[in-house]
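Student: Show me the folded form of this:
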Amino acid sequence: MPIVQIPVPEDGEAGVVGVSEVRAALEGVEEPELRLPIVDLGMVSGVAVDGDTAVVAVALPLPGDERAQAVHGAVAEAVLAATDAQRVEVDLR
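Tutor: Below you'll find the predicted structure:
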């Protein structure tokens, strides 16, 4: 069976969302109560990109945390504003 190479887009390529772009966008997202960046708090457990969709996994301090909605919205808004992503999926854990 032949090996097929799939080109991986580079960060900064027009119309392409890069993982580093998404991570940079998350630097400005603060945890609502502590007012500290979620990246600095270690809450971002993963970032992936699939085409024009960014997927961000965020670990909440407590399950069922009432701040979940605020964090979800802030993450999606920051990524959409700072990247070429057309869609953001936020996985709160």
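Student: all strands for this structure, in order.
Tutor: 44-50, 53-58, 87-92 (DSSP state E).
Student: which of these is buried the deepest?
Tutor: For these, the largest average neighbour count (mean count of other CB atoms under 10 Å) is found in strand 53-58, namely a mean of 20. The C-beta positions use only the backbone N, C-alpha and C, and glycine is treated the same way.
Student: which residues sit against that strand?
Tutor: The contact list for strand 53-58 (CB atoms under 8 Å, 6 or more residues apart in numbering) reads 17, 22, 26, 38, 43-49, 71-72, 75, 79, 83, 85-93.
Student: which residues of the chain fall in helices?
Tutor: 19-26, 68-82 (DSSP state H).
Student: Could you report the pLDDT at residue 35?
Tutor: At residue 35, the model reports a pLDDT of 93.
Student: give me every residue that touches the residue lying closest to residue 28 once chain neighbours are set aside.
Tutor: Distance criterion CB to CB, 6 or more residues apart in numbering; nearest residue to residue 28, sequence neighbours excluded, is residue 78 at 5.8 Å. Applying CB under 8 Å, 6+ apart to residue 78 gives the contacts 25, 26, 28, 29.
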